[in-house]
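J.: pasting the sequence and the predicted coordinates here, then a few questions.
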Amino acid sequence: MATRYQQGDLITRKRKNGPNVWQFRWYENGQRKSVVIGTVNDLPTKAAAQRVVESHRVKMNEDNLQQQLHPVTVNTLADRFECDYIPRHCRKLTGDTYRSILKNHIRPKWGDMELRKVKTMAVEDWLLTYDATDPTKGHIREVIHLIFQAALRWEMVERNPIDLVRQPRKRIKEITVLTIPEFWSLMAELKDLHKTMVLTAVCLGLRSCELLSLRWGDVNFEALTIRVQRSISEGELNDVKTPTSEGTLHMDPDLAESLLMHKGRSQYTRDSDFIFANPQGNTRWPDTIRDKVLHPAAKRAGITKKVGWHTFRYTYSSLHGLLGTSLIVQKELLRHADIQTTMRYTRTFGDEKREAQLKVADLLKRGQTS
């Protein structure tokens, strides 16, 4: 165990090509260690470089009892979070989102504050008056809570002050569900490729990231099953969203026939090829299909609802509700980690509500005459 708190030293080092770099040096087990933390272009002042170095200094002195005498700021924690946590645990899009929230919202307010001085009510009051939408405030709370959870694991704090921060997160987007006539009106406006995509999505309740990353090797036409085991986000292929998202789904024979017909039209038919590959054999972009295909098709079909990829997943869930499928079965079919999410997905159709109301009125009338 180190007996003296190591400050290390920060120097600039010239390079043959490109701008000079900042180099941080320290001793470990009697051996000189060093790391390049950035260029002088990225970190134009020594103060800026020192701020980045602080996260290295904290890690370097983790086992030093004098660490508690050197207060750690939120900026230092955020730096370590970006360097250590995000590359190991986050997909690219998620990591970019976390970095953006830290840069634009959390660092400006809390960056220079010591971790031990961040208090629950101070954060809650700040979020209450912060000039941002409720969903954005919800994301901010999630990220600041997440970095303090990391601080707990790294033994930089003894408690997470964000645990008790109350921040309501309102859903501003209504869940859109298509009625059966609306669904077929939409299908009539789609060409074969997109028609097969939508049919697959609505019959299996797939997320767009799962649908567009399906390969022919995932389909077992004899057993009438499809294996969901990966997803695509911003062109990056990953494992599925959560462990519960992975699973084998059963296909209707008509859906299997539609996929076989699509395979017959496709130039990419090997097991390793994407089912809905673009002309170059790569995955397609769901947002492009939504904006250039689904929205115009819905408009032509006279559907005034805002139709997106998740519309088909919501519709799938709501149709199960119409059929009386239990919530626990719906949860398994939708591959949700939490049944509360499943409960938020299902919506009733207009006829369902009218019939239910009439049944109640009829029951009351029958009670009056008995």
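T.: Cool, the structure landed. Numbering: from 1, shown residues only.
J.: can you list the low-confidence ranges for the stretch 251-370 of the chain?
T.: Where the stretch 251-370 of the chain drops to pLDDT under 70, the residues are 348-361, 363-365, 367-370.
J.: just the helices from it, written as ranges.
T.: The residue ranges that make up the helices of the stretch 251-370 of the chain, judged by DSSP state H, counting those that start in this stretch, are 253-265, 286-289, 295-300, 309-323, 327-334, 339-345, 350-369.
J.: return the set of buried residues in the fifth one.
T.: Taking 16 or more other Cβ atoms under 10 Å as the basis for neighbour counts, the residues of helix 327-334 that come out buried are Gln330, Lys331, Leu333, Leu334. The way it works is simple: take the backbone N, C-alpha and C, and place the C-beta from them, glycine included.
J.: measure how far it is from the centre of its chain, please.
T.: On the basis of Cα atoms, centre = their mean, to the nearest Å, helix 327-334 is displaced by 21 Å from the centre of the chain it belongs to.
J.: I'd guessed Arg91 sits against Leu237; true?
T.: No: with contacts counted by Cβ atoms under 8 Å, Arg91 stays clear of Leu237, the gap being 10.1 Å.
J.: ok, Thr242 - contacts?
T.: Under the criterion of Cβ atoms under 8 Å, 6 or more residues apart in numbering, the neighbours of Thr242 are Ala337.
J.: report the separation between it and Leu152.
T.: The span separating Thr242 from Leu152 equals 22 Å under the rule Cβ to Cβ, to the nearest Å.
J.: same check, this time on Arg166
T.: From Arg166 over to Leu152 (counting by Cβ to Cβ), the distance is 20 Å.
J.: more neighbours, the two?
T.: Counting neighbours by other Cβ atoms under 10 Å for Arg166 and for Leu152 shows that Leu152 has the greater number, 12 against 9.
J.: what's the following helix or strand after whichever strand or helix holds that one?
T.: For Leu152, the element it lies in under DSSP states H and E is helix 134-153. As assigned by DSSP H and E, the chain's next helix or strand after helix 134-153 is helix 180-188.
J.: tell me the first helix or strand C-terminal of that next one.
T.: Using DSSP H and E, the helix or strand that follows helix 180-188 towards the C-terminus is helix 192-204.
J.: now do that next one: distance to the chain's middle.
T.: For helix 192-204, the distance from its own C-alpha centre to the chain's C-alpha centre is 23 Å (Cα atoms, centre = their mean).
J.: now do it: everything it contacts.
T.: The contact list for helix 192-204, computed with Cβ under 8 Å, 6+ apart, reads 183, 186-187, 190, 206, 208, 211, 214, 226, 249, 251-252, 255, 258-259, 261-262, 265, 276, 289, 293-294, 297, 309, 312-313, 315-316.
J.: show residues contacting stretch 315-323.
T.: Outside stretch 315-323, the residues that touch it by Cβ under 8 Å, 6+ apart are 177-178, 180, 183, 201-205, 329-330, 333-334, 342, 345-349, 352.
J.: for ChimeraX, what selects the buried ones among those?
T.: What follows is the ChimeraX syntax selecting those of the contacts of stretch 315-323 that are buried according to 16+ other Cβ under 10 Å:
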select :177,178,183,201,202,203,204,205,330,333,334,342,345,346,347,349
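J.: how is this protein carved up into domains?
T.: Each structural domain of the chain that the record assigns through automatic domain parsing is listed here as a residue range: 1-60, 71-172, 180-351.
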